[in-house]
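Asks: Quick check, what structure comes out for this input:
(one chain, ligands or ions: 2)
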Amino acid sequence: MHSIDEALGLILGPIEPLDAAREPLAAAAGRVAAEDAAAAVDLPPFDRSAMDGYAVRSADTAPGVALRLAGGVAAGEVSTDELAPGAAAPVSTGAALPPGADAVLQSELASAGDGTVTPERAIETGRHVRYRGEDVRAGDVLARAGDRLTLPRLSALASAGVGEVAVHRRPRLQVLVTGSELLPLGAPPEPGRIHESNGLMVGLLAERAGADVTHGGVVPDDREATLAAVQAGLRADVLVVSGGVSVGPHDHVKPAFEACGVEEVLWRVRIKPGKPVWFGTREDTLVFGLPGNPLSSIVCFCMFIEPALRRLQGERDAAPRLVPGRLTAPAGPSDGRTTFLTARIARGEDGVLEATPTERQGSHMTGALGESDGFAVAPHGSPGLAAGDPVDLLLLS
Ligand code: AMP
Ligand code: MG
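Replies: Residues are numbered from 1 along each chain as shown. Ligands and ions are numbered 1, 2, ... in the order given. Just a heads-up that it's a prediction; the model follows:
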């Protein structure tokens with residue numbers, strides 16, 4: 001049996017990011033740059049006014065000395081006429097300065113007369129001028145390969161004249177749910193059968209992690225049906241099979257993996273819930289077998305599959321999204337497995353996330369999920385935790 005860290009090393013270590021394609025900025029949002037993306041233009045692209053006012057030669061400005069009004073420049077226009085000595089050209093914010101001008105007299109410091117404008121005071125060189133390239137130079141790298149294209153990065157790229165960036169492809173993920181006892185969402189109850197929830201959760205969590213999800217439906221516990229569904233699912237980049245990875249007589253998933261040439265990398269991790277989790281590969285396809293229990297499948301998805309999806313999309317240091325927090329109530333001892341406790345999570349007065357484990361605990365307590373925001377993680381071998389102890393949290397809300 002593997003520790004969580006060993007399992008993560010085995011899963012993530014060999015993953016190479018998927019191939020890349022150029023995408024318009026809107027489609028690239030939230031994805032990972034596959035190549036450095038550099039500014040196409042200087043920012044600002046030309047010397048421009050930061051104020052509504054008058055372009056002037058600073059040496060000509062003195063308190064109370066009138067300047068002759070020359071032709072104006074609106075935003076988006078370019079003047080090729082040199083600003084004559086002793087003249088002032090009306091400019092609006094963002095307009096290119098006319099040649100010869102080296103400062104802007106802002107409107108608030110100017111009184112306009114008949115064909116003239118008079119500054120209240122002398123204007124120094126460079127006043128209210130944004131010089132070409134002072135912010136960004138064409139060729140400056142604004143997003144590096146491996147950087148996530150966050151909204152601020154996209155805004156900077158757009159300003160710098162970039163319309164498309166190379167990003168890693170989204171992983172195609174296929175979900176298969178196995179179990180003859182399972183009823184689809186919202187179906188009328190039937191004796192001996194339960195409503196399934198893993199297809200929904202795996203699909204939603206995978207989409208949230210950037211995957212393109214397809215659903216292979218619910219497969220009964222039947223050798224042939226499982227084999228056919230697994231075979232078809234192996235066309236995806238990631239195949240996730242829920243249920244049937246234990247060793248019962250109705251567990252056909254592992255034999256189906258074997259028959260399809262999926263090589264086992266690991267089976268069983270010291271994690272609670274989720275111990276029977278299985279991982280293997282066939283060529284470039286990653287294959288995960290999740291325990292059918294809903295809590296187990298959510299925990300294992302977040303700990304193992306989500307980081308794998310982010311790594312496939314090019315994230316360099318993909319790891320489970322655990323965040324620091326603390327307990328508000330004691331938690332019992334853990335056995336040899338890292339234990340995930342369903343918990344309400346809210347920010348305390350000092351800003352630290354506080355986790356209150358739900359009264360009902362245990363992988364069969366799926367209803368406890370309904371009153372939780374995620375999990376508090378009790379390390380394996382913990383003799384018990386006290387209220388106030390620091391813990392890692394896995395947030396789901
Ligand atoms: P298994 O991993 O197939 O042995 O399933 C373990 C437990 O989880 C059994 O009680 C199953 O009925 C239940 N289970 C399996 N798949 C699902 C599912 N998709 N949704 C809800 N419960 C499930
Ligand atoms: Mg089953």
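
Asks: List the residues that contact residue 126.
Replies: For residue 126, the contacting residues are 58, 102-103, by CB atoms under 8 Å, 6 or more residues apart in numbering. (C-beta placed from N, C-alpha, C; glycine too.)

Asks: Buried ones among these?
Replies: Buried members of the contacts of residue 126, scored by 16 or more other CB atoms under 10 Å, are 58, 102-103.

Asks: what's the helix or strand harbouring residue 173 packed up against?
Replies: Using DSSP states H and E, residue 173 sits within strand 172-178. For strand 172-178, the elements it packs on are helix 198-208, strand 212-219, helix 223-233, strand 238-242, judged by 3 or more CB pairs under 8 Å, 6 or more residues apart in numbering; DSSP states H and E.

Asks: residue contacts, the residue lying closest to residue 67 once chain neighbours are set aside?
Replies: Computed as CB to CB, 6 or more residues apart in numbering, the closest residue to residue 67 that is not its neighbour in sequence is residue 88, at 3.9 Å. Residue 88 is in contact with 54-56, 67-70, 105, 110, 117, counting by CB under 8 Å, 6+ apart.

Asks: Repeat that for residue 356.
Replies: Contacts of residue 356 (CB under 8 Å, 6+ apart): 327-329, 343-345.

Asks: returning to what we had before: closest to ligand 1 among the contacts of residue 126?
Replies: residue 103 (70.3 Å; CB to the nearest ligand atom).

Asks: Across the sheet, point out what pairs with residue 266.
Replies: residue 279 (DSSP bridges).

Asks: who touches it in this structure?
Replies: 2, 6-7, 10-11, 277-280.

Asks: before we move on, the earlier item: which element is the residue nearest to residue 67 on?
Replies: Counting by DSSP H and E, residue 88 is found in strand 87-91.

Asks: so how far is ligand 2 from the closest residue to ligand 1 within the chain?
Replies: Here the residue of the chain nearest ligand 1 is residue 292; by CB to the nearest ligand atom that distance is 2.3 Å. Residue 292 sits 5 Å away from ligand 2, going by CB to the ion, to the nearest Å.

Asks: Residue 131 now?
Replies: 68 Å.

Asks: which ones are touching that residue?
Replies: Contacts for residue 131 (CB under 8 Å, 6+ apart) come out as 44, 47.

Asks: Need the pLDDT of it.
Replies: Note for residue 131: predicted pLDDT of 97.

Asks: Likewise for residue 204?
Replies: 98.

Asks: Would you mind listing what in the protein touches ligand 1?
Replies: Applying CB under 6 Å from any ligand atom, one finds that the chain approaches ligand 1 through 177, 179, 181-182, 194, 196-198, 242-244, 246, 291-294.

Asks: Which of the residues you listed ranks first by neighbour count?
Replies: Counting neighbours by other CB atoms under 10 Å, residue 242 comes out on top of the residues of the chain next to ligand 1 with 31 neighbours.

Asks: so what's it scoring on pLDDT?
Replies: Residue-level confidence at residue 242 comes out at 97, pLDDT.

Asks: Is it correct that it is in contact with residue 202?
Replies: Yes: Residue 242 is within contact range of residue 202, at 6.4 Å (criterion: CB atoms under 8 Å).

Asks: Quick check: neighbours shared by the two?
Replies: 175, 290, 297.

Asks: from those, which are also near ligand 2?
Replies: Here nothing survives when the shared contacts of residue 242 and residue 202 are matched to ligand 2 using CB under 5 Å from the ion.

Asks: Produce a ChimeraX select command limited to the buried residues of those residues.
Replies: A single ChimeraX command selects the buried members of the shared contacts of residue 242 and residue 202 (16+ other CB under 10 Å):
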select :175,290,297
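
Asks: The closest residue to ligand 2 within the stretch 51-200 of the chain and residue 46, how far apart?
Replies: Ranking the residues of the stretch 51-200 of the chain by distance to ligand 2 (CB to the ion) places residue 179 first, at 4.1 Å. Distance, residue 179 to residue 46, using CB to CB, to the nearest Å: 66 Å.

Asks: contact partners of stretch 334-351?
Replies: In contact with stretch 334-351 (CB under 8 Å, 6+ apart) are residues 4, 270-275, 295, 299, 325-326, 328, 331, 353-358, 360-361, 365, 368-369, 371-382, 393-395, 397.

Asks: Mind listing what's buried along it?
Replies: 334, 337-345.

Asks: And that stretch, end to end?
Replies: 27 Å (CA to CA, to the nearest Å).
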